[in-house]
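# Coordinates for the following, if possible.
(chains A, B, C and D)
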There are 2 protein chains.
Amino acid sequence: MGRLGLVQKDAKELPLRERKKLRTRQALVDTALELFTAQDFTTVTLDEIVDAVEVSKRTFFRTFTSKEDVALAPEKELWAAYVTDIESRPLSGERLLGAYKDALFAALEQMTDGWEQRFLASRSLADRTPALTAHSLRHCSEVSANVVRIVAGRLAGQSPGDTELRLLLDLMLAAWHRALEAWTSSEAAQQDRAALVRHMHEAFAVIPAVAALAAQDG
Amino acid sequence: MGRLGLVQKDAKELPLRERKKLRTRQALVDTALELFTAQDFTTVTLDEIVDAVEVSKRTFFRTFTSKEDVALAPEKELWAAYVTDIESRPLSGERLLGAYKDALFAALEQMTDGWEQRFLASRSLADRTPALTAHSLRHCSEVSANVVRIVAGRLAGQSPGDTELRLLLDLMLAAWHRALEAWTSSEAAQQDRAALVRHMHEAFAVIPAVAALAAQDG
DNA sequence: TGAGCTTATGCCACTCAGTGGCACTATCGC
DNA sequence: GCGATAGTGCCACTGAGTGGCATAAGCTCA
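Okay, here's the model as predicted:
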């Protein structure tokens, strides 16, 4: 579909300075995830990371806001694509959950090659590192608030209120988190993107039953 | 109903050493919330807090795990009561959402006098402090996992699967967070416990509509 | 191609959260 | 009261994150 080609073209059109910045950024993410995976998020020190990449600590903090930030870079990439997709996606009062879900599948598809390995490493780390869990949840919550603001603006005044929009999104995100859990805890051979999509379908398939349970005692 | 009397009796029966620990703990929470509210979570330094309470920094970290921990103490208190309530609450496969909700109302009632002021301060801080938002969400997520483990064990094998149990709980928690948002952003005169309960009812009342939206596009 | 502007980087010193270790003091059980 | 058993204070240390300033690298226009 030429997506990758487009990205390369974009990259080539970027001025040298920007390309260098992106290159060190990518190097930082890669080596950080490598070191965190080999050892552990808490034991790996920032100095080890910047020494390995041969940049100063100062440069690290101009690229990332914190040690957690670099470890969650793949996740942030995904959510950025999600927001972009939602912004340009046709919406209607009904089939909202469908739109929420479809945007996530679409965002997933937009990730470049190699993203899934980084994302898997990032998620595995987050599952066993409290500090990363916390940062991940906060980012997710910020994105949710943004998405609801966008969607509410688009459906201005129409059918579902803001609270409904948000609860529905949170419900989908809850399912997404179950899917992630299943994915990261599955055997290594089943940790590619297709498997993640399967887990997402399974988790989303549970939602109707939950809706029934929720409806039966208002 | 004599609940408060019981608590006082319990406190009196505690050995002196324990009572002292509780006293400094309470002093730390109170002054920390005071200072954070007067200034700001990030600008208030740990030394200021421990100087005001006249304990050493070392003692602070024997009582709390982090600076965030002390700021979220009222919230943790509530969730501890929630888990305790769930553990001893009769459960059935149907009316699960009802049980989740009722346990929260029950936990709220068990909080001692003065709790709501501390909780309000804590929540207001959390709303405008990223680090606190993150820690709060993580704690909530850990409690969720625990609650589902408990409930799943009690309903072993029965009707709803673990995923359904978790998604339903997450849905309730999403509503709870909306209620909190409404409560903390309301005018000061409407920030007592009764008002919080009203906001909870309002938020929970939205769930059926969300269930309908979720059911219509599986 | 080079002068001059702009922007990223490196380096240094600093603050502050959090930890480990050890001596000290207060409580408890008898 | 007298050992045993805590909790506390003090001190030195690591490691994350920030501010400031000099330097180097990339960009722009002649």
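
# Touching, A:Ala131 and A:Phe41? I think so.
Yes: using Cβ atoms under 8 Å, A:Ala131 is in contact with A:Phe41, at 7.1 Å. All C-beta atoms are positioned from the backbone trio N, CA, C, and that covers glycine.

# So for the longest helix seen in chain A, what gets flagged as buried?
In chain A, with assignment by DSSP state H, the single longest helix is helix A:130-154. Using 16 or more other Cβ atoms under 10 Å in any protein chain shown as the test for burial, helix A:130-154 gives A:131-141, A:143-144, A:147-148, A:150-152.

# And for stretch A:88-102?
Buried residues in stretch A:88-102 (16+ other Cβ under 10 Å): A:91, A:96-97, A:99-101.

# Export the helix or strand encompassing A:Arg198 to CSV, keeping only CA atoms.
Using DSSP states H and E, A:Arg198 maps to helix A:193-205. The C-alpha trace of helix A:193-205 is given here as CSV (Å, rounded to 0.1, in the frame of the first residue of the first chain):
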residue,chain,number,x,y,z
ARG,A,193,0.4,-8.1,15.4
ALA,A,194,-2.1,-10.5,14.0
ALA,A,195,-2.3,-12.3,17.4
LEU,A,196,-2.9,-8.9,19.1
VAL,A,197,-5.8,-8.2,16.7
ARG,A,198,-7.2,-11.7,17.6
HIS,A,199,-7.1,-10.9,21.3
MET,A,200,-8.7,-7.6,20.7
HIS,A,201,-11.6,-9.3,18.8
GLU,A,202,-12.0,-11.7,21.7
ALA,A,203,-12.0,-9.0,24.3
PHE,A,204,-14.5,-6.8,22.3
ALA,A,205,-16.7,-9.9,21.9
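
# Mind giving me the packing neighbours of the helix or strand following that helix?
Downstream of helix A:193-205, the first helix or strand assigned by DSSP H and E is helix A:207-216. Counting contacts by 3 or more Cβ pairs under 8 Å, 6 or more residues apart in numbering or on different chains; DSSP states H and E, helix A:207-216 packs against helix A:162-184, helix B:96-110, helix B:162-184, helix B:207-216.

# I'd like the distance from the residue most central in space within chain A to DNA strand D, if you could.
Centroid check for chain A by Cα atoms, centre = their mean gives A:Glu75 as the closest residue, at 3.0 Å. In this view, A:Glu75 and DNA strand D are 17 Å apart by Cβ to the nearest atom of the strand, to the nearest Å.

# Briefly note if stretch A:129-139 comes near DNA strand D.
No: under the criterion of Cβ under 7 Å from any atom of the strand, DNA strand D is not reached by stretch A:129-139; the shortest gap measures 8.6 Å.

# Any part of that stretch near chain B?
Yes: against chain B, stretch A:129-139 shows contacts by Cβ under 8 Å from any Cβ of the partner chain at A:130, A:133-135, A:137-138.

# low-confidence ranges in chain A?
A:1-12, A:218 (pLDDT under 70).

# go with 90
Filtered on pLDDT under 90, chain A yields the residue ranges A:1-18, A:92-94, A:156-161, A:216-218.

# What values do phi and psi take at the residue in it that DNA strand D sits nearest to?
Closest to DNA strand D within chain A is A:Pro15: 2.7 Å, counting by Cβ to the nearest atom of the strand. When read as degrees, to the nearest 10, the backbone of A:Pro15 gives phi -60, psi 160.

# What is the burial count for it?
8 (other Cβ atoms under 10 Å in any protein chain shown).

# ditto for the one 3 residues further on
For A:Glu18, the number of neighbouring residues by other Cβ under 10 Å comes to 11.
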